[in-house]
Each structure stands twice: as structure tokens, then as C-alpha cells.
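Engineer: my questions concern the predicted model and sequence given below.
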Amino acid sequence: MKTFPILNRTQRLAWALLVMLVAAGILGNTADAASKPNIVIIFADDLGYADIGVFGAKGFSTPNLDRLASQGTVFRNFHVAQPVCSASRAALLTGCYPNRVGIHGALGPRSQIGIHENETTIAELVKQRGYQTAIFGKWHLGDSPKFLPTRHGFDEYFGLPYSNDMWPFHPDLVNLPPDSDRRKRGYPDLPLLDGEKVVNPRITPEDQNQLTTWYTERAVRFIEQNQKRPFLLYLAHSMPHVPLGVSDKFRGKTSRGLYGDVIAEIDWSVGEVLQALNRAKIEKNTLVIFTSDNGPWLSYGDHSGSALPLREGKGTSWEGGTRVPCIMRWPGKIPADRENQSMVMTIDLLPTIAGLVRAPLPNHPIDGKDVWPILAGKRGARNPHSAYWFYYAQNQLQAVSSADGRWKLVLPHAYRTLAGKPGGTNGFPASYSQSQVGDLELYDLQLDITETVNVADKQPKVVSQLLQQVEQARLQLGDTLTKRLGGSAREPGRLK
């Protein structure tokens, strides 16, 4: 029989200390793992406020999103920083107003500008804490290699470098006479990228039908491959941006036509992601965020969604352009089956995630604030902002809102509207007309979410307080409507 030496007192103390150090290391690793939740951000394109079940969708159902809502919190007053593609994505990824980082509107193919290498994206933020990162879907922050996501913190990328309508097959181009100005100018072929490699130089309408499925398959595979380490998954769907595309498994399945079919497939995609988290047994340590990049593109009529009861849609600073559906789930951290009316914006996600994963914030100024107490449903949680600023077009300051989401001051500016006319049909848009805000307009969004009754004359004190925020915005970021130059905006990345 094997015998063991009898340890003296000094040796016993040494062994006890070693055991304590090992235990401390194990406990430390466990605590560190708990401070590294997985982050899943699902970003739809042009999805309207009323386009999922719990927000009032009609003509189609979204059972997976509705179930996500029952397991998490529905945020009824969640906003994007600008109601258009590239600008909205810049805000989400950098925690800054997009005009602070030099991104305006929607960048076209062969863009000479893009996200600057000195900006810090959410992906770069979490990589400081050892995260694996991936984006599957639409990027739209520059299509030159120096602007691609693989140069800005993402380990994996599969998707389109810009919008899926920027291609020769788009109905607006196909049906124009060959000698028309826009047809001749046209768009280049739309490539599909894997990393920085072009795997399909010219996607077809049939390829468009597969985009939601392809993105979802890559997202599920990424979860399966990284289930034992922390990860950030950014699933940026190209749909329901026109031209609409849907796979055969969902075509003709809803009473809302092609648009409803497309949303049904996005809902399926959400279900596939949630099932992958469940199979990997990591759903309890995963924050899932579902939202949209802006409101619906109303001119496309039956190929666009709904922002009801909000005013207007994409391309405007009215609520229908910037207020988007949002659901968040993190079991045990974010309350289940609850609605939250607090105002929050996409710029707040980066600093909030930084706090959750214990990552340092960027060295340069950002505009977002850590709003975790609001997301977690803490009693008495208050928004840390003084106000939110709404810019659009080429650095036009069009509105400011109080941080509690009640008051919104709309500044004089021109905006597009259908003026009560129906939108287009079968993928062809109706024409917008231009309307004008001639003087200051103030809306009490708690009583008037449709922005119908101007109460500026009745609330001079509120107008005065919000005008102070207008001055702060112009001082920092400028305002082309009043010919103000801001002192704190940064340049975008540029090609030589």
C-alpha cells in the first residue's frame, strides 16, 4: 500500500496557501466570465414602428419576436440618431451622433469616405475584453477595404457593403429608358463579401431572396463555434429594405403580401438565433437586442411597413422616422414581460455595453450615456442625458427632445411627405412632396404621440429650456440651417 509523508506545520501552511490561491483563481475566472455576457444585436433595415406583433403588426404574425418580448422588455420610446442607413449605423457602432464622426445620409457605392480608423466601434470595444466578433449582413459605412468591418474590430464579416437597392436590377433603374440620365449613371454590380474577399461579384434577384437565410445560417454557425467564449454578434439584415427578397419557404405565407412574407422570414431568423443560444445553454448569459435602423420607407406603399400611430417615416425627424421597435432580453438581468416608456437612443448602447463588460470607453468624446439602470428596470432610474439632438440631411439640426421623452421641439426645416397620398405598388415608389416647418413647434409626446397639436405658445418655459439644448448642439456640431460651424465634429475616413 502506498504511503504519504506526514507534513510538518510549515508544509501544511504552504499547501493551504496553494489551495487558497488556486481557488481564488477559479473564482476569479468565474467572476470574470460573469462580467462578459454575450451580446447579440439584430438590426433590421427600414422596419417600421408597427411592424412586429407586440407593436401592432397587421397581416402577418411574429411569434418569435413576440416570445422574445414576453421573455424580456419592450421599449416603446427607443430611437435612432438619424432616420437613414449609414448615419444610423454609425451612431449604433460608435456611440456618437453620426455627424460628430462625419457620416451623413446613406453612403453610395465607391464612396470616397467611410468610418475613420480612429473611431472606436462596439466590436473594438469588446475585443479589449477578449471577445470574438462578427457581423453578418449590411455594413454601409464605406466599401473600400480600409472602411470594411474587418478593419474595425470584427473578426468575421459576410454580407453586402451597402444597401441592397444599390444595384443595376433595382426596379427604379430597370424600368427606365436606356438613354435616361439615371439609367446611364446607374449603380455598379452589388458584391457579396466574405471577410474582404468578393465571393459573388454580382448578386442577382434570386440571391436577394436568399440573403436573410444566408445571414442567419452564418449567425447560427458563429454561435455554435464560439459558445465557450464571449462573443459579439451583429446581425444586420438587408430586409425589409427594397427591393424585397424572400425565400420560397416564406413566399406567399402571409396575408400582407411580399412585405409580410419578408417580416415573417426575419421573425424566423430571430427564432433560429434564439434556438442556437438555447442549444448552447448560453441564453442566460446573453443580452439580445432587436431593433431597426430607421422608420419605414413610406413612398414604397405595399412594399413598405407602418409607423402608426407615429407621424411620417424614414427620411424625416418626426417620430415615425426615428422611433423604432425595440426588444431586449437578458434572463435575470432585464425584466421579463414588461414594457418600458423611457427614452433611449442607439448612441447609448456602446457606453452601456462598455459598463457591462468592464471595457474602457474611447479616449475621444462620445455622445451616448450608460443607461443600464433604465434597461434593467431599476426603480427610479432616470435618463442621464440633458436632451437628445436630431440631425438629418447635411448636418441640419431639425429637432431636440427632452431626455425623459416628453417634450420635442421641432425647428424650422423642410421635410418630405406623401401628404396623405398612398404609397407606390409592386416595388415602385410614389413621389414625395416637400413641406415646411415655418416656426418653432413643440409637442407633448406623452399626450400627443402623433405630433398633431403644437403647444409652443402654451409652454414658453419648456421652449426656452430646449432652445438652450439647441444652442449646445449648434456649438458642438454646427447646423447648416443656421450656417453655424460646430467645434467638436470629427472628420470621416477618406480615401487618398
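Structural biologist: Great, that's in hand. Numbers count the residues shown, from 1 in each chain.

Engineer: now do the same contact list for Ala50.
Structural biologist: With contact taken as C-beta atoms under 8 Å, 6 or more residues apart in numbering, Ala50 is in contact with Gly56, Ala57, Lys58, Gly305, Ser306, Ala307, Leu308, Pro309, Pro325. To be clear about C-beta, it is placed using only N, CA and C from the backbone, and glycine gets the same treatment.

Engineer: nearest to Val84 among those?
Structural biologist: Ala307 (14.6 Å; C-beta to C-beta).

Engineer: now which of the contacts of Ala50 would you call buried?
Structural biologist: Ala57, Gly305, Ser306, Ala307, Leu308, Pro325 (16 or more other C-beta atoms under 10 Å).

Engineer: make a markdown table from the contacts of Ala50 and add secondary structure, distance to Arg484 and pLDDT to it.
Structural biologist: Formatted as a markdown table, the contacts of Ala50 follow (DSSP: H, G, I helix; E, B strand; the rest coil; distance: C-beta to C-beta, whole Å; pLDDT from 0 to 100):
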| residue | secondary structure | distance to Arg484 | pLDDT |
| --- | --- | --- | --- |
| Gly56 | coil | 39 | 95 |
| Ala57 | coil | 41 | 96 |
| Lys58 | coil | 43 | 94 |
| Gly305 | coil | 35 | 97 |
| Ser306 | coil | 36 | 97 |
| Ala307 | coil | 30 | 98 |
| Leu308 | coil | 35 | 97 |
| Pro309 | coil | 34 | 98 |
| Pro325 | strand | 34 | 98 |
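
Engineer: could you dump the buried ones among the contacts of Ala50 to CSV with distance to Tyr415?
Structural biologist: CSV is the format used below for those (distance: C-beta to C-beta, whole Å):
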residue, distance to Tyr415
Ala57, 26
Gly305, 19
Ser306, 19
Ala307, 14
Leu308, 18
Pro325, 22
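
Engineer: in the stretch 101-250 of the chain, where is pLDDT below threshold?
Structural biologist: Per-residue confidence for the stretch 101-250 of the chain (pLDDT under 70) gives these ranges: 174-186.

Engineer: which stretches in it count as helices?
Structural biologist: Using DSSP state H, counting those that start in this stretch, the helices of the stretch 101-250 of the chain run over 122-127, 171-174, 181-185, 205-225.

Engineer: most tightly surrounded among those?
Structural biologist: helix 122-127 (a mean of 22; mean count of other C-beta atoms under 10 Å).

Engineer: and that helix, what does it pack onto?
Structural biologist: Other helices and strands packing on helix 122-127, by 3 or more C-beta pairs under 8 Å, 6 or more residues apart in numbering; DSSP states H and E, are strand 38-44, helix 85-94, strand 132-138, strand 231-236, helix 349-357.

Engineer: now do the first one and helix 85-94, the angle between them.
Structural biologist: An angle of 170 degrees separates the directions of strand 38-44 and helix 85-94 when computed by axes from the mean of the first three to the mean of the last three C-alpha atoms, to 10 degrees.

Engineer: what does the shortest one give?
Structural biologist: Strand 231-236 and helix 85-94 are oriented at 170 degrees to each other (the same axes, to 10 degrees).

Engineer: what's the domain layout of this structure?
Structural biologist: According to automatic domain parsing, the chain comprises the domains 35-386, 392-494.

Engineer: ramachandran coordinates for Asp457?
Structural biologist: phi -70, psi -30 (degrees, to the nearest 10).

Engineer: same deal with the one 3 residues further on?
Structural biologist: Note on Pro460: backbone dihedrals following degrees, to the nearest 10 are phi -60, psi -30.

Engineer: His152 is in contact with Glu124, correct?
Structural biologist: Yes: under the criterion of C-beta atoms under 8 Å, Glu124 makes contact with His152 at 6.5 Å.

Engineer: quickly list what's touching both of those two.
Structural biologist: With C-beta under 8 Å, 6+ apart, Glu124 and His152 have no common neighbours.

Engineer: deepest in the core, which of the domains of the chain is it.
Structural biologist: Of the domains of the chain, domain 35-386 is the most buried (mean count of other C-beta under 10 Å), at a mean of 21.

Engineer: roughly how far is it from the heart of the chain?
Structural biologist: The chain centre lies 4 Å from the centre of domain 35-386; the measure is C-alpha atoms, centre = their mean, to the nearest Å.

Engineer: so what would you say the end-to-end distance of that domain is?
Structural biologist: One end of domain 35-386 sits 29 Å from the other (C-alpha to C-alpha, to the nearest Å).

Engineer: check stretch 427-434 too.
Structural biologist: 22 Å.

Engineer: report the mean per-residue pLDDT for that stretch.
Structural biologist: Stretch 427-434 comes out with an average pLDDT of 95.

Engineer: cool, and stretch 74-94?
Structural biologist: Mean predicted confidence for stretch 74-94 is 98.

Engineer: out of the helices and strands packed on helix 122-127, nearest to Lys253?
Structural biologist: Here strand 38-44 is closest among the helices and strands packed on helix 122-127 (C-beta to C-beta), at 18.2 Å.

Engineer: as a markdown table, the helices and strands packed on helix 122-127 with distance to Glu206 would be great.
Structural biologist: Output for these, formatted as a markdown table (distance: least, C-beta to C-beta, whole Å):
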| stretch | distance to Glu206 |
| --- | --- |
| strand 38-44 | 22 |
| helix 85-94 | 24 |
| strand 132-138 | 18 |
| strand 231-236 | 21 |
| helix 349-357 | 35 |
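
Engineer: looking at these, spot the one closest to Leu277.
Structural biologist: By C-beta to C-beta (comparing all of those), the closest turns out to be strand 38-44, at 7.5 Å.

Engineer: what packs against that closest one?
Structural biologist: helix 85-94, helix 122-127, strand 231-236, helix 257-279, strand 286-292, helix 349-357.

Engineer: does Gln446 touch Lys408 like I think?
Structural biologist: No: using C-beta under 8 Å as the test, Gln446 is too far from Lys408 to be in contact (10.5 Å).

Engineer: and the closest residue to Phe250 other than its chain neighbours, what does it touch?
Structural biologist: In this structure, Phe250 finds its nearest non-sequential neighbour in Glu265, 4.3 Å apart by C-beta to C-beta, 6 or more residues apart in numbering. Listed by C-beta under 8 Å, 6+ apart, the contact partners of Glu265 are Thr212, Thr213, Met239, Val246, Ser247, Lys249, Phe250.
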